[in-house]
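sequence and predicted structure, then a few things I'm wondering about:
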Amino acid sequence: MSDLEEIRRKRMAELERQQAMNADPNQQQAQQQLQQQQMQQEMEAQKKQVLAQILTTEARNRLSNLKLTKQELVQQIEMQLIQSAQSGSLRGKVTDEQLKVLLKQISGQKRDINITRK
């Protein structure tokens, strides 16, 4: 009897998979979008957790304030900090002063464009 039950379970699982593959394409797309959103939320939570471990509260506050105006710059800095932490080149928490220096270095790399009118 157990062999028969096992065969039935396998067949039911196979039928469910086939039915899922034949399901409405919009439903599949919605499920994929939901999975992507969940993955992004998990990655964001992990990033926040790592940043909480490597930044002081003042430095985190500065980054969150700066994120309101310069999201791309903050994302670049966050990735750089996380990579530094993973490689082991950070010793202790990054202070607000160290973050200011890092901000100056990164923003100094960009070109200033001056337009003069005559």
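Sure, I can see it. Residues are numbered from 1 along each chain as shown.

so which elements touch the biggest helix by length in the chain?
Longest helix of the chain, by residue count under DSSP state H: helix 25-54. Of the remaining helices and strands, those touching helix 25-54 by 3 or more C-beta pairs under 8 Å, 6 or more residues apart in numbering; DSSP states H and E are helix 57-67, helix 71-87. The way it works is simple: take the backbone N, C-alpha and C, and place the C-beta from them, glycine included.

make it 10 Å
Helix 25-54 is packed against helix 2-21, helix 57-67, helix 71-87, with contacts defined by 3 or more C-beta pairs under 10 Å, 6 or more residues apart in numbering; DSSP states H and E.

point out the other helices and strands that the longest one packs with.
Helix 2-21 makes packing contacts with helix 25-54 when contacts are defined by 3+ C-beta pairs under 10 Å, 6+ apart.

relative to helix 2-21, how tilted is the helix it packs on?
Helix 25-54 and helix 2-21 meet at an angle of 90 degrees, taking axes from the mean of the first three to the mean of the last three C-alpha atoms, to 10 degrees as the criterion.

let me know the helix or strand that the closest residue to Gln76 other than its chain neighbours is in.
Computed as C-beta to C-beta, 6 or more residues apart in numbering, the closest residue to Gln76 that is not its neighbour in sequence is Ile106, at 6.6 Å. Per DSSP states H and E: Ile106 is located in helix 96-108.
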